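Compute the structure for the input listed below.
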Amino acid sequence: MRAPALDPARFIADNTRVQSAPLTPELSFHLADETIAIWEKTEEALGRMGLPPPFWAFAWAGGQALARYCLDNPALVSGKRVLDFACGCAVAGIGAARAGAARVDASEIDAFAVEAAHANARLNDVALHAREVDLVGVDEGWDVVLAGDVFYEGPGAARIAAWLSDLHARGALVLIGDPGRTFMPKDRLEALARYDTPVTRDLEDRDVRLARVWRFKG
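Numbering: from 1, shown residues only. A predicted model of the protein is given here:
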């Protein structure tokens, strides 16, 4: 029997609460308090088991670091067209919008994340253009590309790194927020900033992660 159609906006409203992320107290997001509870509710609501965690329901360390870096260095994004790639809850993109970006695009491959990005943008009274699309390999002329917590698994990470490197080579400012994920191409990057970031133990197996903002060398 097929599960009934689920309204992402209603699900987000019913299963999160409005709160700030540790590195961005001036911003607000629809975030979950407990990992397992919202994970189980997502599987139940969609009638599917073995789903990945609802990444949109948490402010991940890399995204928080990018948001903080944009807020503290607004000249990097002010008046620019920015992409928040694999945006999750869109903490990085919303930080860029608050810092004065002329336009912020956001991409995700999960309809719930796209809805969460729009909902969070409304909370913070900023404009965000979020789409459910895989943009790897695409270049729409962004001035700045933000990529937070994207290097989780091998083949996907290699594909993303090659694309981001190409964007950097043609002149985009590519900023990567990452707390040391296994497949990050660290040898090709240089660190710009570091932040001790409180995180959810259920997701990260620790209470604090050191998140850095990186850019490509050269």
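
Would you mind putting the CA coordinates of the lengthiest helix in the chain into CSV?
In the chain, assigned by DSSP state H, the helix with the most residues is helix 154-169. Extracted in CSV, the C-alpha atoms of helix 154-169 (Å, rounded to 0.1, in the frame of the first residue of the first chain):
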residue,chain,number,x,y,z
GLY,A,154,34.4,8.6,-2.1
PRO,A,155,33.0,8.7,-5.6
GLY,A,156,30.6,11.6,-4.9
ALA,A,157,33.3,13.5,-3.2
ALA,A,158,35.7,13.1,-6.1
ARG,A,159,33.0,14.3,-8.5
ILE,A,160,32.2,17.4,-6.4
ALA,A,161,35.9,18.3,-5.8
ALA,A,162,36.6,18.2,-9.5
TRP,A,163,33.6,20.5,-10.2
LEU,A,164,34.5,22.9,-7.4
SER,A,165,38.1,23.0,-8.7
ASP,A,166,36.8,23.9,-12.2
LEU,A,167,34.7,26.8,-10.8
HIS,A,168,37.7,28.1,-8.8
ALA,A,169,39.9,27.9,-12.0
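
ok so Arg194 is a strand residue?
Yes: Arg194: assigned to a strand according to DSSP: H, G, I helix; E, B strand; the rest coil.

Double-check it against Arg212; I have them as touching.
Yes: between Arg194 and Arg212 a contact is recorded at 4.8 Å, counting by CB atoms under 8 Å. Yep, even glycine has a C-beta here, placed from its N, CA and C like the rest.

Can you pull the residues that touch both of these two?
Residues touching both Arg194 and Arg212 by CB atoms under 8 Å, 6 or more residues apart in numbering: Ala65.
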